[in-house]
Structure formats: structure tokens, C-alpha cells
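> Have a look at this fold, sequence not included:
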Ligand code: C2O
Ligand code: CU
């Protein structure tokens, strides 16, 4: 039986696709995966320094075409590798003609560097962001948070991966170095000439799946174990991932880092904003085998293939997955309970939290620093069956239960984004620490966020 993140594919996922759009024109597995090499920081006294210029760039995504994207330093999907205890400072220079508010998703970040829309960097301006990296190892990512332009900015390419490592993780025998690979998954819609086509509402029309910016690539691997870090940077697309004919792989981590224990899995749901880390042992298959990673929930008219792993050589494999990975911290007993009801208003087209759309001049909740809270999140949209994914900034949480039942083993670690299907509910436990200030919580389906599904919390002592 599948032991994936949610027990089964919820029926409410099945929404009407658009007909008439043929499968993406490109043939799958015709381009190699681009393995992303980390950006090189300036190693300054006490921190690593990067300058990220957000600007338009022309790059090749589909073979034989050029695509204008919104880039960091001219590239799609760059990678930053950071170490716990060593701060990263990024100067962001905005050479776009739209505002940009840089946010480290999953980061335990002081308010002034968290990318609040009120601090958006205007065209031609610059701002310095400081990430203390005082949190456990995890796969994080950087994206825009400006209000109104974030969904399009992310769609047009402004998403970077940020790997934070620490001694605990490095002390484990998990695959390392070239066998630890980041895979940024997303969808897009291209015109015949390679133009990225953007329509906030046509999320089911984005039939081209990109991995690290390449359409349905192949990846030549050695017959041994790999650690794969899956990051979904799509605006709205969930991936329901399966390998080969339902091969088993090992789920080792989620948004907030390693799980308490590895979970053998055959199917994983990866919602927008979420991360999963898995270990796949290609040594089981031997040289010559090709395994396709598929999305078992394609929209109507599109191909399910995401990418292919081609086992092409042998290699020594000293790596392993220990039986215990990383315990979840004890957050104590909750002294505050809050409820968040997520809904859609078909009359206005707005997505609402507790019946209200986002208002930058309104503070919705006032959590106290170091107080443990329980949040009950209810997706009340039974009419249209729209899923929602709640993401509070500043600190990761743990899932207490879903519809009153304990979470599956693959959801037993620290999370920062939780998807709740229509008509369902989840309770999470969280505690905000260290940083006071104004932070956001919102749905990570970016169209919903743009249509109002965000609130503000003012965290104080
Ligand atoms: Cu991925 Cu408010 O962020
Ligand atoms: Cu939503």
C-alpha cells in the first residue's frame, strides 16, 4: 500500500480540466537535466555575501527557442548553499520594471529581511537582506513576495533554492556531494516561439513540466543511492509523484528538514511551496535501466511524465539511510487556539481567510513570542472543491492531526506549508521565537494569494 503523505489521492482533486489543448509539443526526455551548481559567495568576515540582480534575461528553456524570463543574475533557478551558524547577506538589486520583495521561504528571518510587501524593492532600487541561519538544516527557497506581482514574477522565473546544512545532517551517512541533487519542479505555458505565456487564472493550461528549467529532462545517474530534494515552485500545480511502475523509494525529509525516521514510499504529493527529500537507490536496478518519474495527476490533455532517470554507470556507494533521522522538537503545550477558515467567494472571485481578503493596513492576529499555539485550518470550500495550502512565515510547525486523525508518517516532521482539501481540516502546532514584528500567513496557491488569501500577524513579547 502507498504510505505517501496523504493516504490516498483525494477525490476532490479531480477538477474539470480544459479540453482542446494537446499535449505539449516537445518530446519528453530529449534534453539532459541541468544539475545546478551553487552560486559562489564572497566570503566576508562573519558572513557569506551575494548580490542578486533581478532582471530580464533571454535563455533557452525549450530546445531551439529563446525565452525571456525574469531572472536572478541572468539565470533561472540558481542555488545557494548555506551553513547553520554562518549568516548569509544578500544585496538585491532590482533591475526589473516591477517591484520585488525577496522572501526566504522557510527561513527564520528577522522582519526587516522577510520580504514583507511594504518593503518591496522598487525598480532601480536595492536592499540588503540578512539571513542568520540559526535554524536546523532544511531545503528552503527564495521567491518574490511583492503584492500583486509575486505570482507573475515567480512564474517568469524568480525562484531560487537555498540549501541550509548543519553538523547533525552532515554527520549522517546520507548521499552527499554529486549524489545530493536539487530538483525544482514547476509547470509553464509556452507559445510556439518559446514565449512564456502568462494568465493568472489559466493554471490548468500550463502543460509543460520543467525540472530545473528543462522540459521533461533525462538525468544520467550511477547505480547507487541519491538524495533528491524536490521543490515545487509552481504557482498552483500539485504533483502526485510516482517512480517507474510504483517503485519504492525512501522519504527522508519535508519542508522543515529531516523526518524523525525514514518512510518507505511509492507515491508522494508535492504541493506548491512544499519540499520533499527522498533517497532513491538506483543500485537496485542496474546499468541500462530507465525509470520515469510521473505525475499521476496530469491535467486533461497533458502527458504525465516529469523526468527520466537513466542508470548509466556503476559507482561505489558508502551511503546509507539510518533508522533514525532527526527528532521533532517538543513545542510544549498550547496556550492559544486559533481557527482559520479558508473559502472562495464566487461573486467577487476573492479567496478569503475568516471571510476577509488581505488588507495591508489590518493586523489579523497578535501572537506572543514563545507562546505555543494550535491552529485549526478548515477548508470550507465545498462548493468548488478548491484545495488550499496554508503557509505561516517565521517558524515551522508540526501537524497534530488531519480531520481528527494523526498525520501519516511522511507528515510527522517539521512542515511550513500544509495543504487542506475541500471540506477537510488540519490542526497544526507552532511557536514563534526570536523575532518580533509583522509577518504574513497565506495560501501558497499563488493565484489564491493574489486574490486575497493572506493575513498579517504582529508578533510581540
Ligand atoms: Cu513561499 Cu509567504 O511564501
Ligand atoms: Cu488557496
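Nice, I can see it. Only a predicted model underlies this, so the values are computations on that prediction, with no experimental measurement involved. Ligands and ions are numbered 1, 2, ... in the order given.
> how far away is the spatially closest residue to residue 387 that is not a sequence neighbour from residue 43?
Distances taken as CB to CB, 6 or more residues apart in numbering put residue 421 closest to residue 387, at 5.2 Å, once the chain neighbours are dropped. For glycine as for every other residue, the C-beta is placed from the backbone atoms N, C-alpha and C. Noted for residue 421: a distance of 46 Å to residue 43, by CB to CB, to the nearest Å.
> so who does residue 139 touch?
106, 161-164, 182, 229, 231, 253, 255, 257, 275, 277 (CB atoms under 8 Å, 6 or more residues apart in numbering).
> what do you get for residue 224?
Going by CB under 8 Å, 6+ apart, the list of residues near residue 224 reads 175, 179, 281, 282, 283, 314, 315, 316, 317, 319.
> Show the buried residues in the residues you listed.
Neighbour-count burial (16 or more other CB atoms under 10 Å) is assigned, among the contacts of residue 224, to 175, 179, 281, 282, 317, 319.
> give me the number of residues near the closest residue to the third one other than its chain neighbours?
Here the nearest residue to residue 281 in space, its sequence neighbours aside, is residue 225; by CB to CB, 6+ apart that works out to 4.7 Å. For residue 225, the neighbour count with other CB atoms under 10 Å is 24.
> For my notes, please list the contacts of residue 224 in JSON lines and give distance to ligand 2 for each entry.
Converted to JSON lines, the contacts of residue 224 look like this (distance: CB to the ion, whole Å):
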{"residue": "175", "distance to ligand 2": "34"}
{"residue": "179", "distance to ligand 2": "36"}
{"residue": "281", "distance to ligand 2": "36"}
{"residue": "282", "distance to ligand 2": "36"}
{"residue": "283", "distance to ligand 2": "40"}
{"residue": "314", "distance to ligand 2": "46"}
{"residue": "315", "distance to ligand 2": "43"}
{"residue": "316", "distance to ligand 2": "46"}
{"residue": "317", "distance to ligand 2": "41"}
{"residue": "319", "distance to ligand 2": "38"}
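> Between those residues, which sits nearest residue 203?
Distance to residue 203 across those (CB to CB) is lowest for residue 282, with 33.1 Å.
> Against which helices or strands is whatever helix or strand residue 455 lives in packed?
In the assignment (DSSP states H and E), residue 455 maps to strand 454-459. Secondary-structure packing of strand 454-459 (3 or more CB pairs under 8 Å, 6 or more residues apart in numbering; DSSP states H and E): strand 437-443.
> quick check, the helix or strand that comes right after the strand it packs on touching ligand 1?
Downstream of strand 437-443, the first helix or strand assigned by DSSP H and E is helix 446-450. No: judged by CB under 6 Å from any ligand atom, helix 446-450 stays clear of ligand 1, getting no closer than 7.7 Å.
> In the stretch 101-250 of the chain, which residue sits nearest ligand 2?
residue 236 (8.5 Å; CB to the ion).
> Could I get the pLDDT score of the residue lying closest to that residue once chain neighbours are set aside?
In this structure, residue 236 finds its nearest non-sequential neighbour in residue 203, 4.0 Å apart by CB to CB, 6+ apart. pLDDT recorded at residue 203 is 92.
> if we can go back for a sec, looking at residue 421 and residue 43, which one has more neighbours?
Neighbour comparison, residue 421 and residue 43: the larger count goes to residue 421, with 20 against 10 (by other CB under 10 Å).
> How about residues contacting stretch 127-138?
Taking CB under 8 Å, 6+ apart as the rule, stretch 127-138 contacts 47, 82-92, 102, 104, 106-110, 112-113, 115, 119, 121, 164-166, 168-169, 253, 255-258, 275, 326, 396, 414, 434.
> What is the end-to-end distance of that stretch?
Counting by CA to CA, to the nearest Å, you get 25 Å between the two ends of stretch 127-138.
> Using neighbour counts, pick out the buried residues of it.
127, 129, 131, 132, 133, 135, 136, 137, 138.
> Report the contact partners of the closest residue to residue 407 other than its chain neighbours.
Nearest-residue entry for residue 407: residue 399, 4.3 Å, with adjacent residues in sequence omitted and distances by CB to CB, 6+ apart. When contacts are counted by CB under 8 Å, 6+ apart, residue 399 is found next to 407, 411, 412, 415, 418, 426, 427, 428.
> Out of the contacts of residue 224, which comes closest to residue 461?
residue 175 (42.6 Å).
> Hmm, the closest one is touching residue 279, no?
Yes: contact between residue 175 and residue 279 holds when scored by CB atoms under 8 Å: they sit 6.6 Å apart.
> shared neighbours of these two, which are they?
Shared contacts of residue 175 and residue 279, defined by CB under 8 Å, 6+ apart, comprise 225, 226, 227.
> Pop out the phi and psi values for the last one.
For residue 227, the backbone dihedrals (degrees, to the nearest 10) come out as phi -100, psi 120.
> Let me see the contact set for it.
So, once contact is read as CB under 8 Å, 6+ apart, residue 227 ends up touching 174, 175, 176, 179, 180, 181, 252, 277, 278, 279.
> Compare those residues and tell me which is most surrounded.
That'd be residue 252 among the contacts of residue 227, by other CB under 10 Å, with 27 neighbours.
> what lines up beside the strand or helix carrying residue 231 in the sheet?
Per DSSP H and E: residue 231 is located in strand 225-232. Its sheet considered, strand 225-232 pairs with strand 180-188 (parallel), strand 275-281 (antiparallel) by DSSP bridges.
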